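**Q** Return a 3D structure for these sequence lines:
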Amino acid sequence: MDRWIIGLLIVVVASSNAFAQYYERSYEPEGDRLIYAGYALKDFTPRRTNSLPDSQAISMNKFIPTIGFRQGMVDFSIGYNTFTLRGASKSVLTANATIANEFPVSFSRTNALLIPIMLSSDYTKVENTGGDRENFNIGSVGIGAGVKYRYRSQQFDFSLLAAEAAHWSLEGFSTGSGFSAATIGEALFTFRDVLSLDGIALGYRVRYQTWNMSNAKFDYRSFAHGAFLGVMF
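**A** All right, here's what the predicted structure looks like:
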């Protein structure tokens, strides 16, 4: 397993209980635990600043199956698939981890307007046809903030999130570094006590991310969106 994936797992495990904080007795942060599976349609293309000619750059548009785990404000997901690039079979691997703390702006028994502050980490590897040193192999870590609305009832929850994150990025096979910005959106519906389950969750995510690296051949953009289904336990 790549060192960036190992790093993401360490962040999730070490911080899983770091933000179990209560602000008011009448406000309850999310504490649900679920595993989920879904897909993301990922469009990965070079930016205008990319120094590679079109004949050598990576361009991919592919559905990527994903699996993930969430407990409260800790979320980790990973996705993998293969694609064809200039007649050769290549692979794409993505992993994302976020750890957040929510600050309520206003709240009642059923509604809350929140400001989430998050630690964000991601890893993306997209193979190229020019060998290992031409692969996009970048890991990033940074911080972000956003706005979240949450509705909660006894049997049904709904939340809507929009956030921005800024990352420091490192190349996997060199000392090169750079900057990565990400725009994140999510809508989540949770239904409790469904059949014999604690509940199920239906979600939809959007993530737009760009990389501006010291080596301009790794200047890419990614737009991914897709749905997922989770089971609470």
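**Q** How many neighbouring residues does Ile138 have?
**A** Neighbourhood size, Ile138 [other C-beta atoms under 10 Å]: 24. In this view, the C-beta of every residue, glycine as well, is placed from N, C-alpha and C.
**Q** That one touches Leu170, doesn't it?
**A** Yes. Counting by C-beta atoms under 8 Å, Ile138 does reach Leu170; the two are 7.0 Å apart.
**Q** what is in contact with these two at once?
**A** Here Ile138 and Leu170 have no joint contacts, going by C-beta atoms under 8 Å, 6 or more residues apart in numbering.
**Q** helix or strand right after the helix or strand where Ala145 lies?
**A** Element membership of Ala145 [criterion: DSSP states H and E] is strand 136-152. Counting by DSSP H and E, the element after strand 136-152 in chain order, helix or strand, is strand 156-171.
**Q** what's the model's confidence in the longest strand anywhere in the chain, averaged?
**A** Longest strand in the chain, counting residues (DSSP state E): strand 88-107. Strand 88-107 shows a mean pLDDT of 96.
**Q** From one end of stretch 80-90 to the other, what's the distance?
**A** Using C-alpha to C-alpha, to the nearest Å, the gap from the first to the last residue of stretch 80-90 comes to 11 Å.
**Q** All the strands of this protein, in order from the start?
**A** Taking DSSP E as the criterion, the chain carries its strands at 33-46, 60-71, 74-85, 88-107, 111-126, 136-152, 156-171, 177-192, 199-213, 220-232.
**Q** Next, format these as a markdown table and append distance to Pro53.
**A** Shown next, in a markdown table, are the strands of the chain (distance: least, C-beta to C-beta, whole Å):
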| stretch | distance to Pro53 |
| --- | --- |
| strand 33-46 | 10 |
| strand 60-71 | 17 |
| strand 74-85 | 14 |
| strand 88-107 | 17 |
| strand 111-126 | 17 |
| strand 136-152 | 16 |
| strand 156-171 | 20 |
| strand 177-192 | 20 |
| strand 199-213 | 17 |
| strand 220-232 | 15 |
